[in-house]
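J.: Give the three-dimensional model of this entry:
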Amino acid sequence: QVQLVESGGGLVQAGGSLRLSCAASGRTFSIPAMGWFRQAPGKEREFVATISWTGGTRYYTDSVKGRFTISRDSAKNTVYLQMNSLKPEDTAVYYCGVARRPTGVRYEYDYWGQGTQVTVSS
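T.: Residues are numbered from 1 along each chain as shown. Got it, this is the predicted structure:
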């Protein structure tokens with residue numbers, strides 16, 4: 001079992017920045033990859049970014065490329081999502097998850113955190 005706790009969400013104006021954190025505990029030695037998804041009201045949970053635990057592989061959804069950066073600190077068992085140039089359409093609850101490989105496919109994630117709200121005002 002792996003437990004995940006996200007933090008760092010909040011309210012920010014368009015063009016601003018936030019850094020989300022996802023701290024993992026439990027069987028962290030078994031984590032192959034982690035990722036971030038987001039869910040806006042009335043919409044499906046969608047892929048944002050993923051990273052291998054070694055850090056060598058990263059993927060992003062097209063809408064965040066060049067603005068968001070995913071990284072990890074293996075010593076702290078924590079994954080980060082640095083979000084710059086935020087837009088109102090980035091408003092959502094952001095979730096981190098553990099996957100068997102770096103992937104944007106939701107069903108390949110075995111564990112999820114409780115989510116953190118990000119609100120971008122125009």
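
J.: can you map out the strands along the chain?
T.: 2-7, 10-13, 18-26, 33-39, 46-52, 58-60, 68-73, 78-83, 92-99, 109-112, 116-121 (DSSP state E).

J.: and the angle from the last one to strand 78-83?
T.: By that I understand strand 116-121. Computed by axes from the mean of the first three to the mean of the last three CA atoms, to 10 degrees, the angle separating strand 116-121 from strand 78-83 equals 10 degrees.

J.: which secondary structure elements does strand 116-121 contact?
T.: strand 10-13, strand 18-26, strand 92-99 (3 or more CB pairs under 8 Å, 6 or more residues apart in numbering; DSSP states H and E). (Glycine included, C-beta is placed from N, CA and C.)

J.: Tell me the buried residues in the first one?
T.: Translated: strand 10-13. residue 12 (16 or more other CB atoms under 10 Å).

J.: Centroid-nearest residue for the chain?
T.: Centroid-nearest residue in the chain, with CA atoms, centre = their mean: residue 36, separated by 2.4 Å.

J.: Could you find the closest non-adjacent residue to that one?
T.: residue 48 (4.3 Å; CB to CB, 6 or more residues apart in numbering).

J.: wait, isn't the one you found in contact with residue 79?
T.: No: under the criterion of CB atoms under 8 Å, residue 48 makes no contact with residue 79, lying 11.6 Å away.

J.: which residues do the two both contact?
T.: Common contacts of residue 48 and residue 79, defined by CB atoms under 8 Å, 6 or more residues apart in numbering, comprise residue 36.

J.: Pull the contacting residues for residue 83.
T.: 17-20, 64, 67-68, 90, 118.

J.: now that we have the residues you listed, which one has the most neighbours?
T.: residue 20 (24 neighbours; other CB atoms under 10 Å).

J.: List the beta-bridge partners for that residue.
T.: residue 81 (DSSP bridges).

J.: How about residue 3?
T.: Beta-bridge partners of residue 3, as defined by DSSP bridges: residue 25.

J.: Check residue 70 too.
T.: residue 81.

J.: What's the local residue count around it?
T.: Residues within reach of residue 70, counting by other CB under 10 Å, total 24.
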